[in-house]
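1. Sequence first, predicted coordinates after that:
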Amino acid sequence: MALDPIHVGTGGTRLGRVDNTIVRDPVTRIPKIPGSSIAGVMRAYTAMAKGKYPKCAGLGQPERNGAGGHCGKADCPVCTVFGFAKGIGTYGGFAGLAAFSDMHVLLFPVASQLGPQWITCPMALRQTSIAEFSELDDLLEQQVVYRKADGTANQPSLNLGWLFLPVKTDWQPLSEIDQKIEELGIPGYIIGRLAVVSDKLFTHIVNSNLEVRTSVAIDPATGAAEEGALFTYEALPRSTVLFWEVTCRNPKHFKINQGDVKAVDSPEKVRDVVADAYSYLEHLGIGGMGSRGMGRLRVLATKELAGADKPGKEVS
């Protein structure tokens with residue numbers, strides 16, 4: 001869950017409503033955090049936690065004289081779990097035992113006349129790979145918001161940003177969605193304000209309610225705003241709930257320099273190494289604008305592995 005707004009930018013400015021945009025899924029146009037961004041950050045924070053920073057963090061390319069770079073040892077938890085490179089013209093690199101999916105928006109906070117509401121849609125729920133959501137169809141009525149039949153749901157209509165939608169409470173999967181999301185460790189105050197809209201509306205609601213900030217560079221000589229240095233940037237708002245997966249490969253299936261992996265001996269140990277970085281996400285965060293109050297994440301829950309090679313889900 002985002003403790004601060006999160007800005008993972010596209011790496012440049014664009015002509016449009018916002019100068020510095022964030023990364024979006026090319027098909028749905030919903031903002032996401034790429035797995036490559038997560039992998040790099042988690043590697044750096046794991047290296048800090050294991051006392052391997054900065055040598056085993058980062059790209060790991062050695063200097064011209066061969067000094068520095070990833071240690072690449074079979075007993076290094078950073079190099080075995082996140083992989084290592086040996087530099088141009090050399091052999092012996094390793095792809096790593098952990099693989100990170102993109103972080104996708106699962107629950108998105110939106111202002112309404114009833115206070116904050118957390119919005120999701122069937123498409124976002126299917127992406128969680130939860131078995132009960134795998135066959136979830138899009139809503140029959142596209143211009144409707146579905147909520148639980150509690151006291152506040154007696155409102156005949158609900159505004160989600162600039163959209164004013166009729167409220168319905170007769171969508172059968174709602175109860176099961178509440179239950180499964182609660183099992184993921186989502187706080188009760190979010191589940192109590194959960195609403196579901198169609199896939200098409202979800203894209204519009206998310207993109208219309210992103211946080212947009214304006215900043216300007218200060219001229220150190222005058223202490224005033226520098227001419228032409230005003231810029232805007234967007235971010236996922238605080239309290240956005242994202243879903244991601246970490247694939248932990250079995251070390252017994254891989255070799256490093258023709259030898260066994262010694263740092264970890266099971267997928268659970270790989271997961272534990274990755275989990276050492278979670279507390280760093282809460283303080284150092286991910287993405288840009290970290291000095292402007294952005295980037296911190298909290299991992300709410302991890303699903304325990306039932307067996308050595310069975311998948312686990314993680315929510316943040």
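-> Perfect, I can see it now.

2. Every contact and neighbour count from this point should use C-alpha atoms.
-> Fine.

3. With just CA atoms, put stretch 143-159 into CSV.
-> Extracted C-alpha coordinates of stretch 143-159, given in CSV (Å, rounded to 0.1, in the frame of the first residue of the first chain):
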residue,chain,number,x,y,z
GLN,A,143,-22.4,3.1,-15.9
VAL,A,144,-23.0,1.9,-12.3
VAL,A,145,-21.0,1.6,-9.1
TYR,A,146,-21.6,-1.5,-7.0
ARG,A,147,-21.2,-1.4,-3.2
LYS,A,148,-22.3,-3.5,-0.3
ALA,A,149,-25.8,-3.2,1.1
ASP,A,150,-24.8,-1.3,4.3
GLY,A,151,-26.2,2.0,5.7
THR,A,152,-24.2,4.3,3.5
ALA,A,153,-25.1,2.3,0.4
ASN,A,154,-28.6,3.7,0.7
GLN,A,155,-27.3,6.6,-1.2
PRO,A,156,-28.9,6.3,-4.7
SER,A,157,-25.9,7.9,-6.4
LEU,A,158,-22.3,8.4,-5.7
ASN,A,159,-19.7,10.8,-7.1
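
4. Buried residues of that stretch, list them for me.
-> Neighbour counts using 16 or more other C-alpha atoms under 10 Å place 144-148, 153, 158-159 of stretch 143-159 among the buried residues.

5. Can you list the neighbours in contact with that stretch?
-> Stretch 143-159 is contacted from outside by 111-114, 164-171, 174-175, 194-198, 201, using C-alpha atoms under 8 Å, 6 or more residues apart in numbering.

6. in the chain, which ranges drop under the pLDDT threshold?
-> 13, 60-67, 87-92, 151-154, 302-316 (pLDDT under 70).

7. can you rerun that using 50?
-> Low-confidence segments of the chain (pLDDT under 50): 305-309, 311.

8. what's the single longest strand in it?
-> For the chain, the strand that runs over the most residues, judged by DSSP state E, is strand 225-235.

9. Moving C-terminal from it, which element do we reach first?
-> Reading on from strand 225-235 to the C-terminus, the next helix or strand found by DSSP states H and E is strand 241-244.
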